[in-house]
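Asker: All I have is the shape, not the residue letters:
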Ligand SMILES: NC(=O)c1ccc[n+]([C@@H]2O[C@H](COP(=O)([O-])OP(=O)(O)OC[C@H]3O[C@@H](n4cnc5c(N)ncnc54)[C@H](O)[C@@H]3O)[C@@H](O)[C@H]2O)c1
Ligand SMILES: O=C(O)[C@H]1O[C@H](OP(=O)(O)OP(=O)(O)OC[C@H]2O[C@@H](n3ccc(=O)[nH]c3=O)[C@H](O)[C@@H]2O)[C@H](O)[C@@H](O)[C@H]1O
């Protein structure tokens, strides 16, 4: 297959690009290298991809002319759409960036896909955050998703509805993947496991959020290699888009899958694992979860993805964090000035 990976200099995008290339697929990346977190980490991921003969175009998914050019040259059969403004809490600081990338950028990309020939099949990243404050766990794809707790979640939910209309009207094959708190080597510095590691090594305190009545928060942390397998399984089973030149010729698949780990771990337990691997005790400040878009827990039911493409996560949090810490120390050393 010939795949356009958007957000290829990002955490998940860089891993998926490398895995696709490794098995022989054609891969072209696009990323705008924004400074939501340290762009030098994105550049380092780009260098790694370049060394593996993957080219990343420096551009924005809102640039339709650039996208049309890329589609004309590469005639993509698939799009792995991972470019987005991620992060739950940052939405209160910079709401516009979520609209720019997750809504406007998505529509620009879909418009270009709808008009191209061949019309690609699209697999894109939604989020576990669409389950909002649902209390029934594990979360299944058919559960309600109309009560988002953050603007980030609202834009991902909107993405699910927007992609549905492009499937319905133009016959685009669409697969939305609800990732659950993905972690691992080359990860995102804004995420808790990563920023906690940095602070612990620097001897700085970490803030651990808790629910009311001191209830611990929990996440269905999912290791990057498992998520990559899920992305590739989705691409391989995505079927064909059934339109061309903007005209639908028949029904195309519209699918949504949870890609989680099915074994939630509390945040204090995650911190204890980091302490063990770093061999340093954390200075923990427990704070009641501020009303900033966080949800108390996540837990995926993954039976749909298992049935459809054999998705089966194999890395538990303890093992995955060990691999993350090993990477972190080799990348940053003990010179914490880089972050
Ligand atoms: N990592 C997780 O825990 C997690 C969980 C659920 C969903 N997701 C989703 O998975 C996808 C990948 O997440 P990630 O963790 O790799 O995040 P990331 O921030 O590392 O990667 C996203 C990349 O997209 C790029 N980008 C953002 N806006 C762009 C635009 N307008 N044009 C071009 N490039 C743009 C960024 O520069 C970044 O490199 C995102 O859609 C995210 O919302 C991630
Ligand atoms: O699956 C998703 O859909 C989302 O996954 C991820 O969000 P979250 O699960 O919120 O990850 P993350 O920030 O690492 O916080 C982890 C835990 O640490 C707690 N947390 C966080 C920060 C802090 O300072 N203290 C703290 O206790 C915090 O309360 C939480 O309980 C992605 O970032 C996001 O892009 C989105 O896609």
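Answerer: Structure received. In this text, all values refer to a predicted model and were calculated from it rather than measured experimentally. Numbers count the residues shown, from 1 in each chain. Ligands and ions are numbered 1, 2, ... in the order given.
Asker: Beyond the biggest helix by length in the chain, next helix or strand please.
Answerer: If each helix of the chain is counted by residues according to DSSP state H, the longest one is helix 151-170. With elements assigned by DSSP states H and E, the helix or strand that comes after helix 151-170 is strand 174-179.
Asker: mean confidence score for that following strand?
Answerer: With pLDDT averaged residue by residue, strand 174-179 scores 98.
Asker: tell me which parts of the stretch 151-300 of the chain are close to ligand 1?
Answerer: Within reach of ligand 1 by Cβ under 6 Å from any ligand atom, the stretch 151-300 of the chain has these residues: 179, 181, 182, 188. C-beta coordinates here come from the backbone N, C-alpha and C atoms, glycine included.
Asker: quick one: buried residues of the longest helix of the chain?
Answerer: Judged by neighbour count (16 or more other Cβ atoms under 10 Å), helix 151-170 contains these buried residues: 151-160, 162-163, 166-167, 170.
Asker: Out of these, which is nearest to residue 298?
Answerer: For these, the residue nearest residue 298 by Cβ to Cβ is residue 153; the value is 11.3 Å.
Asker: Could you check how many residues crowd around the closest residue to residue 57 other than its chain neighbours?
Answerer: Of all residues not flanking residue 57 in the chain, residue 30 sits nearest, at 4.7 Å (Cβ to Cβ, 6 or more residues apart in numbering). Using other Cβ atoms under 10 Å, residue 30 has 25 neighbouring residues.
Asker: related to what we said a few turns ago, the residues of the stretch 151-300 of the chain next to ligand 1 in strands, which ones?
Answerer: Taking DSSP state E as the definition of strands, those contribute 179, 182.
Asker: Surely residue 206 is within a strand?
Answerer: Yes. Counting by DSSP: H, G, I helix; E, B strand; the rest coil, residue 206 is part of a strand.
Asker: Backbone torsions only: list them for residue 295.
Answerer: phi -110, psi 150 (degrees, to the nearest 10).
Asker: can you count the residues close to it?
Answerer: By the criterion of other Cβ under 10 Å, residue 295 has 19 neighbours.
Asker: Show the pLDDT at it.
Answerer: What the model reports for residue 295 is a pLDDT of 92.
Asker: what does the one 3 residues further on give?
Answerer: In this model, residue 298 is scored at 97, pLDDT.
Asker: can I assume it is in contact with residue 218?
Answerer: Yes. Taking Cβ atoms under 8 Å as the contact criterion, residue 298 and residue 218 are neighbours in contact, 7.4 Å apart.
Asker: anything in contact with each of these two?
Answerer: With contacts defined as Cβ atoms under 8 Å, 6 or more residues apart in numbering, the residues adjacent to both residue 298 and residue 218 are residue 264.
Asker: how about the residues of the stretch 151-300 of the chain next to ligand 1 in TSV, adding neighbour count and distance to residue 268?
Answerer: Shown next, in TSV, are those (neighbours: other Cβ atoms under 10 Å; distance: Cβ to Cβ, whole Å):
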residue	neighbour count	distance to residue 268
179	24	23
181	22	15
182	25	20
188	21	21
